[in-house]
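J.: Structure for this input, please:
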Amino acid sequence: MASRRGGPEGMPALGCGPGKNGSCSPSRGDIMTMRTRVLHFRAEGLAQVTDLSTTLLTKPASTDWLWIDIEAGVDDFDELLPFVEDLGLDSLGVRDAVEDVDLPKVDDFGTSVLVVLHGLGEDRIETYEVDCFLTQRHLVTIRRQSSPSVDVLWDAVQRRAELGGGGADTLLARLADVLTRRLLSVLDVFDNRADDLVELALSADKTFLGEITAVRSDLATLRRAIHPQREVLDELRYTSSPMLSDTARRRFSDVFDTATRAAQGADGARAALAETLDAYRGAEARDATEVSKVLTVYAAIMLPLTLVVGFFGMNFSELPLIERDAGWLIVTVFMGLIAAVSLGVFISLGWMRRPSGRAAGAALGHGLVEAARAPAQLVGAVYEISAMPLRSVAAVRRPRLRAEPPEGPA
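T.: Alright, predicted model coming up:
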């Protein structure tokens, strides 16, 4: 749904005509500056909202709530501001959402909670920011670009309205699950590429440096997002904010486990790349040793030949075979025999081998871009709801250790 300028007294009006997939489309002549779509969760079922302004002015039932998804840029803050005030969101937090790039974090404003999450972009390994504002009746997601994870969850909620049955906080936990699992998919691609990288390293392939550089860059991008996101999920699963129910905290605990796997996998992949790079350096050193060995063998073959040529090249008339017509032929055959015997000895010792003739490849690697091109998916865990309460860390009683008196002299 694209918002339109032109509300009363210069205020932006967020109401518009119905568009595709529950979004709103601007009327002819309007300029699309912001895309907004809304889902209204009611006791009698799910409804798509085409006029957000009217919906906000209508007093909802106690069980009703809205999911508002906004794609906005830096220039759209003035248009967002009245809408933010109607929802009771923090204006500074919304300004940061559209103007700044933040790492994953949690800000509790009392009447609302801001959760900044990161997801994996499309077609390339890069992360984007999704700012999630949670209130008792609203889940507002603000982003500056398209999000495969948000889109797949949006479509799934429209097909299965029970996904929003747990409330806005539970749906936020589901969104965090989809975003985090998409980051985890990068490691699945790395596992498939790891064996290929090892083979390239052991053969000292010319394409290895380009490949490992691309993979290391992609993993660095993942690590910069997954570690802060893991800390955010850890904070959410133990938060005391009234905006989050026990069910939501339970789901955030499951998502935290997924983020922990991703963080540990990223660290393990980094260590594996370091070992693979060491293997490549060893293979290159081995090849350099082979080259030096071949050059040494050639020098060793040429040394006796140079000695023979130098001996018979002295300007003395009494040298043997100098006066004979076949002398030069005898010396040449003798030199060839020396070279053949020396070469045979070196080959039998394994000091010489036939060159592999590897062809140099491209300098640029593919990295882990297959993960970004894969579609976002909803796993079975996203559909499950656990109502079992979480045990608070502070409520866990630990036995006290009694200090034993120091042993005195008998």
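J.: check which helix or strand covers residue 103.
T.: Following DSSP states H and E, one finds residue 103 outside all helices and strands.
J.: what number of residues lie near it?
T.: When counting by other Cβ atoms under 10 Å, one arrives at 15 neighbours for residue 103. Glycine gets a C-beta too; all of them are placed from N, C-alpha and C.
J.: Nearest residue to residue 125 in space, please, no chain neighbours.
T.: Setting aside the residues directly before and after it, residue 125 is nearest to residue 218 in space (Cβ to Cβ, 6 or more residues apart in numbering), at 4.0 Å.
J.: And the pLDDT for that neighbour?
T.: pLDDT recorded at residue 218 is 89.
J.: Quickly find the element holding it.
T.: helix 208-237.
J.: helices or strands next to that helix in the packing?
T.: Helix 208-237 is packed against strand 105-108, strand 113-120, strand 127-134, helix 168-202, helix 246-312, with contacts defined by 3 or more Cβ pairs under 8 Å, 6 or more residues apart in numbering; DSSP states H and E.
J.: What's the separation between the most centrally placed residue in the chain and residue 34?
T.: Among the residues of the chain, residue 222 comes closest to the average C-alpha position under Cα atoms, centre = their mean, at 3.1 Å. Noted for residue 222: a distance of 30 Å to residue 34, by Cβ to Cβ, to the nearest Å.
J.: Residue 350 too?
T.: Shown here: residue 350 relative to residue 34, a distance of 72 Å by Cβ to Cβ.
J.: which of those two has more neighbours?
T.: Using other Cβ under 10 Å, the more surrounded residue of residue 350 and residue 34 is residue 34, with 24 against 8.
J.: I'd assumed residue 74 was in contact with the more buried one.
T.: No: proximity of residue 34 to residue 74 does not meet the contact threshold set by Cβ atoms under 8 Å, at 11.2 Å.
J.: low pLDDT regions in the stretch 1-150 of the chain?
T.: In the prediction, the stretch 1-150 of the chain carries residues with pLDDT under 70 at positions 1-33, 44-45, 47-62.
J.: Let's see that with 90 instead.
T.: Low-confidence segments of the stretch 1-150 of the chain, defined by pLDDT under 90, span residues 1-66, 72-102, 109-111, 120-126, 136-137, 145-146.
J.: Mind jotting down where the helices sit in it?
T.: Counting by DSSP state H, counting those that start in this stretch, the stretch 1-150 of the chain forms helices over residues 52-57, 77-87, 91-99, 148-159, given from the N-terminal end onward.
J.: from the middle of its chain, how far away would the second one be?
T.: Between the centre of helix 77-87 and the centre of its host chain there is 33 Å, according to Cα atoms, centre = their mean, to the nearest Å.
J.: try the third one
T.: Using Cα atoms, centre = their mean, we find the averaged C-alpha position of helix 91-99 to lie 25 Å away from the chain's own average C-alpha position.
J.: now the helix holding residue 218, how far from the chain's geometric center?
T.: When C-alpha coordinates are averaged (Cα atoms, centre = their mean), helix 208-237 and its chain have centres 5 Å apart.
J.: So which bits of it are buried?
T.: Of the residues in helix 208-237, those buried under the neighbour-count criterion (16 or more other Cβ atoms under 10 Å) are 208, 210-216, 218-219, 221-223, 225-237.
J.: what do you get for stretch 291-310?
T.: Using 16+ other Cβ under 10 Å as the burial criterion, the residues of stretch 291-310 that qualify are 297, 301.
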